[in-house]
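Peer 1: What follows is a predicted protein model with its sequence.
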Amino acid sequence: MPTDDPSLATPRLTDDTAAEAIRRACRTIAPVWPLESFVAVNPYLGLVDRSFDEAADRLAQTIGARTTLPPSFYLDAVDAGRITEADLAAALRDREAPPANTPAALLQQVRDSKEEGQAYGISVPTVADVACAQTGADWDRLATDRVSAWAAAYFDGGQALWRSADPAQPPYAAWKAEACVDRTPEVMGLAGFRDVVAALPEDPLAAAHQALARLGVPDVALDVYLHRVLLRAGGWAAHAARIVWDARLYEDRDDDTLRQFLAVLLSWEAALLETLPASGLAAAWNAAKEELVAVSNAAQRPAARERSLVLQHAFDRAMQRRLIARVNARAPATTNGQRPDVQAVFCIDVRSEVFRRHLEAVAPTVDTLGFAGFFGFPIEYVPLAHETGSAQCPVLLTPGHTILETLPSSAPHTQAVERRRLAHHVKRAWNAFKMGAISCFSFVGPVGLAYLPKMVTDTLGWTRTVPDPETNGLDEAAAAQKGPSLTPGEHAGHSIGMPLADRIDVAEGALRAMSLTDNFAPLVLIAGHGATTVNNPYDTGLDCGACAGRTGEANARVAAAALNDPDVRAGLAKRGIRIPADTVFLAGLHDTTTDALTIFDRDGAFAQHPERLQRLEAWLSEAGRRTRAERAKRFHLPERTATDAAVVWRSKDWAQVRPEWGLAGCMAFIVAPRHRTEGLDLAGRSFLHEYDWRQDTDFSVLELIMTAPMVVTSWISLQYYASTVENRLFGSGNKTLHNVVGKLGIFEGNAGDLRVGLPWQSVHDGKQYQHEPLRLNVVIEAPREAMNDVLSAHDDVRNLCDNQWLHLLAMDDAGRITHRYAGDLTWTPVQDQGTR
Amino acid sequence: MTLSRLTFTQLMPRIYTRLTWVLCFCTIGALVGHAVVGIDASVGTLLHIDGLTLIMALVVTFVSGIVHSFARRYMMGSRHFDRFFDRLFGLTLVVLLLTAADHLVLFVGLWALMGWLLADLIGLIRGWPQAQAAARRARWAFLGGSALLAAALAVLAGQTGAITISGALPRVESLSVGALVGIAGLLTAAAMIQSALIPFHGWLLSSMTAPTPVSAFMHAGLVNAGGLLLARFAPVVAEVPAVMLAVVVLGAISALIAQAWMLVQVDVKRQLGCSTVAQMGFMVLQCGLGYFAAAIAHLILHGFYKAYLFLSSGSVVVMKPPHAETSDAAGLPSLVVTGITAVVGGGVFMWLTGKSFAAPDGGVLLTLVVVLAVLHAARTMLRTTALTSAMRAVAVPLVVLPALVLYALVYNGIAALTATAPMAVDPAGFSVVHGVVGALFVLLYLAFERGWHRGRPRLYTLLLNTSQPAASTVTTHRSEYHAH
């Protein structure tokens, strides 16, 4: 009998237990950013405090998610010799209870089991599941559908012309108000549903407690149960989690949107139990609670999943082995210490690696460096004529300064602002005709006529579906002249600009963090990056993640302006960083779709180094051409195609679902001076961060790198990982079926839950994966003790390493990868250190 | 084997695309020829090519050409690539033939085939249960529509003894009122299903399981077939005034309700879907008023409009616009300008489209809608604070009047081109029903303009709930999502 079990005998939990469990459950949900600034996020974020394998168990139980590809993928890799027997043996050795004694036996088991990629059965029951089994009707579908439909309307970011709920109203209250008038559940057979909802407490937490008490979920099962309930509408829960994230980051506030959302889901569960006219439901639910307890206590992992995990570990190991071999086989390189012609700083992004490699090849006197694409200048950028802007820095940081986009002189500035506002108003009026309740009947005629030629010109790539937001409403001169202004002042009630003292502080921090403190070249190019695509909801996902889904143009220009400021240089000199008088900083933007590199504000540099600058521009254009040629191979373009034109065409094509490959394929993050990897073809699969630990006396830069860029790159890698292995649950599905909802996210098809993650087209080209599931290999050239110190000081970073969410590798003073982090602050030598 | 398959994948869609464009250019040539010579062509009893055929064919081949070209990149890498193009091109041919079909059996056959192919495209993704459910729903709807059409044409053939449309229509006047009402009723129902009018809108609002290019072609080309049907059989439908009044009411219901639905939608494709239902309702309303040429003009322009909005639906996420405050403080002079522009606009429209001022008919309703639209446009413009008040006053007529002239020109052009088609019936006189419908349009306009709908959660929930796709076509269980 259930009552024999002590955990079931005390179904009335204390409020504290429940409140704590609710907070814990909400922390397991990773946020998802809206499409307007779609930055990468680790979809397993809330689970990194457990090991990769344990998280696999939890996700299989709660939503039936796979965390590995189907076995056939790994078997193919074995057959192709990419995974060797040694890799499999090593992966087996690491298991506590190996599923097989030998690699051959393991492979035989996998081939025999014929287990191929199906979802795992969800093993955490809810009332809705039990009700489905009892009545044969799909109550789970009804509950999910109702909550999703309400959430879409509540969180709408401006699509609906009539928005019912007051956005200022908290979610639970809004849901309660709506559910009190929605007859659908009653029509479907839940008698008195509205009355039950009306009688719920006003306070969301009280409602959650009441629901949990009525459901009688045993304490021990609270975690899995709440996780399961949240994942019922996991996409909208992730959206709520992002609101919580922003509140904590920008306002230092503990927002309860997600907890309220959970209260809604729990109220549904309790109301279902109360209103479903099915005899035996209560008994069946009581029985299910035993199941809940059993699942919570279960330690046994099904053999198929265990085998899949072994295969994944072996695949990780195999690819890591190759990386180590390639890096270690490289001839030893050092810097010659001579002053380079040009230093070019790029984002750490994997796409920069290709461009940098080609630039170095065409211009041996150019040194390139890698640094997070906001270049250490965390700003909020307000575009011309806008009142407010958005943060342009990694979403782990808050912007320090608000920078206004302006025109250099006042009269044209005012004129441009007016013109842009006017353009916006005209656009709004046009939309109002288009969508107006009655006017649309008459205006569909003229508007339709206007679209007739536009359909042709868009198809030919002569026009864009919507104007480029960068230049929208501006004439050519204004668009060319606009740029960030550092001058302190006030705008729309906020202080803007960057005072001198701050400029010096930020500039010093940035230069030290990129290990660029002496031997400055005459020209230092700071190149942010951004993508150019048309009609692509995931546009911002291709922009710079370190600039929160914007292009890095503003950050690069602010950095260059600050570093060219003579007063800043005087201040820097006092702090030991002497920038020669003939050094000029130049800002640029690397277009990752076309590989064109635009240089801004070139006049200052041209006055000082005219020939050098022209030479640089020629090199950049040749490097761009070579980068496009390399990229074209990844697109499988037919032979005899003019590859240059074909690549550029993708940036203008409104029908293009794969304008570029973004960060697909990323598998390594190398933190070392560039000469350690220079000349090595890393195939656009490696993030590169400049770092010289010898300059980092207190290892504060190492701490910064391991707590910020390393975390962010692991987020990117895990986002790609999850979207590849389980696109149904952690990816956003097929782009050709996408339906933008609320201007913030994606429905696939008619409706349903919000989709998270990357579309299928971002990881697969139709023939094969363009991203293979690998955990990031972070290679750092630094003393291992120093890395251990950072790990011990930061639990969240240590979790990533200890729990195998990434692989940490140490590079020695000779540039060879010698040790692998083995958890618990211990390191083991890598077997194959390569031979010279 | 891989190589030959690859070659095929590249080759057939390219051939289909080129063929579609060739068909489009041929149609343009034929249309010009027809406009100059003004003679219809026939192929036995099977086909009869008139101005209506050519106009509809032009729209179908143009939109299909755009969709073909678009999809060659958009669908690249899809497992359903070949199947998609086979059906898309097949559907294009079927609709093309349908616009010219004269033989009654051929017409019904093509109608049924069109529905079948369209349903198949809605369910293009075989491994996705919700797409299959949406396809089933559409297939049943189209089967029903085809059955109604077959019944209507069987009665028509039986009563007139003719087996072609061109043969049957001249004898319509001799039919009994009962037979006419029966045939017209069946035809109207079939057209309503095809054009997704309420209460047959379910299949359309559940059809977003189709890839975007399918939706574009569906909303621009295939829902139009309902309008084509009514226009083709205009003499039958227009013969009994009561039937025409019923058509007006049915069209108005869809126009008004679907327009209200549109206001509450949060996802772009369903918003476009609701808008299609509303626009088709308005188109049918125009048919009911006897303005068949206006209806055809409406559905053609709506086709371009909707095809574009679907294909560009990935562009709705844009950077936040600059803050823009609007003021309601429109002074007396601008109010005067608004009023004058609205009345002048209506007058210009009536004059350009040859509507009589002396003997008002149902066309007054259309003029009323134009006046409301101009009012709306003018009021929006006047609230635009970025403009100086002088600019605002000038801007209204400057923008609105050319738009009206353009629209009227298209309308007149289509009326002229379809002059040989037997759809030029006399507009019905103005009646109480027309008055009520007009009042409802004014009411909806005022309600939205004055914000009467706000603070009515019951109405909101009702609108949202009645415009949901069928539950079986919504992917609520995340594990059911197919990956690609």
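Peer 2: Received the coordinates, thanks.

Peer 1: so where do the strands sit in the stretch 501-650 of chain A?
Peer 2: Secondary structure of the stretch 501-650 of chain A (DSSP state E, counting those that start in this stretch): strands at A:523-530, A:584-591, A:597-600.

Peer 1: Can you list the strands that the shortest one pairs with?
Peer 2: The sheet places strand A:597-600 alongside strand A:584-591 (antiparallel), with pairing taken from DSSP bridges.

Peer 1: Residue of chain B nearest chain A, please.
Peer 2: Distances between chain B and chain A by Cβ to the nearest Cβ are smallest at B:Gly77, namely 2.3 Å. (Glycine included, C-beta is placed from N, CA and C.)

Peer 1: ok, the residue nearest to that residue when sequence neighbours are not counted - how many residues close by?
Peer 2: Nearest non-adjacent residue to B:Gly77, counting by Cβ to Cβ, 6 or more residues apart in numbering or on different chains: A:Gly766, 2.3 Å away. Burial of A:Gly766 is recorded as 17 neighbouring residues (other Cβ atoms under 10 Å in any protein chain shown).

Peer 1: roughly how far apart are A:Gly766 and B:Phe81?
Peer 2: Distance, A:Gly766 to B:Phe81, by Cβ to Cβ, to the nearest Å: 8 Å.

Peer 1: What about the residue of chain B closest to chain A, how many residues nearby?
Peer 2: Look at B:Gly77: counted by other Cβ under 10 Å, it has 19 neighbours.

Peer 1: My reading is that it lies in a helix. Confirm?
Peer 2: No - per DSSP: H, G, I helix; E, B strand; the rest coil, B:Gly77 lies outside any helix segment and is coil.

Peer 1: could the strands of the stretch 501-650 of chain A go into a markdown table alongside mean pLDDT?
Peer 2: Conversion of those to a markdown table gives the following (pLDDT from 0 to 100):
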| stretch | mean pLDDT |
| --- | --- |
| strand A:523-530 | 96 |
| strand A:584-591 | 96 |
| strand A:597-600 | 95 |
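
Peer 1: Indicate which one of the ones you listed is closest to A:Ala361.
Peer 2: strand A:597-600 (15.3 Å; Cβ to Cβ).

Peer 1: so where is the chain shaky, pLDDT-wise?
Peer 2: In the absence of a named chain, chain A is used. Within chain A, the stretches with pLDDT under 70 are A:1-14, A:116-119, A:331-335, A:437, A:639-640, A:832-836.

Peer 1: should've been chain B
Peer 2: By pLDDT under 70, the weakly predicted segments of chain B are B:1-9, B:319-334, B:355-360, B:383-389, B:392-393, B:424-426, B:478-484.

Peer 1: please redo it, this time with the cut-off set to 50
Peer 2: Chain B contains residues with pLDDT under 50 at B:1-8.

Peer 1: Name the residues of the lengthiest helix in it that are buried.
Peer 2: Among the segments of chain B that qualify as a helix by DSSP state H, the longest is helix B:2-37. Residues of helix B:2-37 classed as buried under the neighbour-count rule (16 or more other Cβ atoms under 10 Å in any protein chain shown) are B:13, B:16-17, B:19-21, B:23-24, B:27, B:30-31, B:34.

Peer 1: picking that back up, correct me, but the residue of chain B closest to chain A touches A:Gln770?
Peer 2: No - contact status for B:Gly77 versus A:Gln770: not in contact, 10.3 Å apart, counting by Cβ atoms under 8 Å.

Peer 1: Spit out the residues that contact the two alike.
Peer 2: Shared contacts of B:Gly77 and A:Gln770, defined by Cβ atoms under 8 Å, 6 or more residues apart in numbering or on different chains, are found at A:His764.

Peer 1: Give the helix, strand or coil label for the residue lying closest to B:Thr99 once chain neighbours are set aside.
Peer 2: Spatial nearest neighbour of B:Thr99, chain neighbours left out: B:Met56 (4.2 Å); criterion: Cβ to Cβ, 6+ apart. Secondary structure for B:Met56, judged by three-state DSSP, is helix.

Peer 1: pretty sure B:Met56 contacts B:Leu228?
Peer 2: Yes - with contact defined as Cβ under 8 Å, B:Met56 reaches B:Leu228; the gap is 5.7 Å.

Peer 1: Give the residues shared as contacts by those two.
Peer 2: Listed as contacting both B:Met56 and B:Leu228 by Cβ under 8 Å, 6+ apart are B:Thr99.

Peer 1: So between the two, which is more surrounded?
Peer 2: Neighbours were counted for B:Met56 and for B:Leu228 using other Cβ under 10 Å; B:Met56 has more, 28 against 23.

Peer 1: Which strand residues bridge A:Phe371?
Peer 2: A:Cys347.

Peer 1: Give me the neighbour count for it.
Peer 2: A:Phe371 has 27 neighbouring residues, counting by other Cβ under 10 Å.

Peer 1: Got the phi and psi for the residue lying closest to A:Leu774 once chain neighbours are set aside?
Peer 2: Nearest non-adjacent residue to A:Leu774, counting by Cβ to Cβ, 6+ apart: A:Met667, 4.5 Å away. The phi/psi pair for A:Met667 (degrees, to the nearest 10) reads phi -150, psi 0.

Peer 1: So B:Thr92 sits against B:Val63, correct?
Peer 2: No - contact criterion Cβ under 8 Å: B:Thr92 and B:Val63 do not qualify, at 9.1 Å.

Peer 1: And the two? Which one has more around it.
Peer 2: Using other Cβ under 10 Å, the more surrounded residue of B:Thr92 and B:Val63 is B:Val63, with 29 against 26.

Peer 1: quick one, phi psi at the closest residue to B:Val284 other than its chain neighbours?
Peer 2: In this structure, B:Val284 finds its nearest non-sequential neighbour in B:Gly251, 3.5 Å apart by Cβ to Cβ, 6+ apart. Here is the backbone geometry of B:Gly251 (degrees, to the nearest 10): phi -60, psi -40.

Peer 1: just the strands in the stretch 351-484 of chain B please.
Peer 2: Along the stretch 351-484 of chain B, counting by DSSP E, counting those that start in this stretch, no stretch forms strands.

Peer 1: Contacts only, for the residue in the stretch 701-836 of chain A positioned nearest to chain B.
Peer 2: Nearest to chain B, among the residues of the stretch 701-836 of chain A, is A:Gly766, at 2.3 Å (Cβ to the nearest Cβ). Counting by Cβ under 8 Å, 6+ apart, A:Gly766 touches B:76-79.

Peer 1: Can you tell me which residues in the stretch 1-150 of chain B are near chain A?
Peer 2: B:10, B:66, B:69-79, B:125, B:128, B:130-131, B:134 (Cβ under 8 Å from any Cβ of the partner chain).

Peer 1: one step back: run me through the strand neighbours of the very next helix or strand once past the longest helix of chain B, direction for each.
Peer 2: Later in the chain than helix B:2-37, the nearest helix or strand by DSSP states H and E is strand B:41-43. Here strand B:41-43 is paired, per DSSP bridges, with strand B:47-49 (antiparallel).

Peer 1: just how off-centre is the partner strand within its chain?
Peer 2: Relative to its chain's centre, strand B:47-49 lies at 23 Å (Cα atoms, centre = their mean, to the nearest Å).

Peer 1: what's that strand in contact with?
Peer 2: Contacts of strand B:47-49 (Cβ under 8 Å, 6+ apart): B:30, B:34, B:40-43, B:97, B:100-103, B:164-166.

Peer 1: at 6 Å what do you get?
Peer 2: B:41-42, B:100, B:102, B:166 (Cβ atoms under 6 Å, 6 or more residues apart in numbering or on different chains).

Peer 1: all helices for the stretch 301-450 of chain B, in order.
Peer 2: In the stretch 301-450 of chain B, the helices defined using DSSP state H, counting those that start in this stretch lie at B:332-352, B:363-382, B:389-417, B:432-450.

Peer 1: And those: which comes nearest A:Leu616?
Peer 2: helix B:389-417 (46.9 Å).

Peer 1: wait, does the closest one contact chain A?
Peer 2: Yes - using Cβ under 6 Å from any Cβ of the partner chain, we find that helix B:389-417 touches chain A at B:403, B:406-407.
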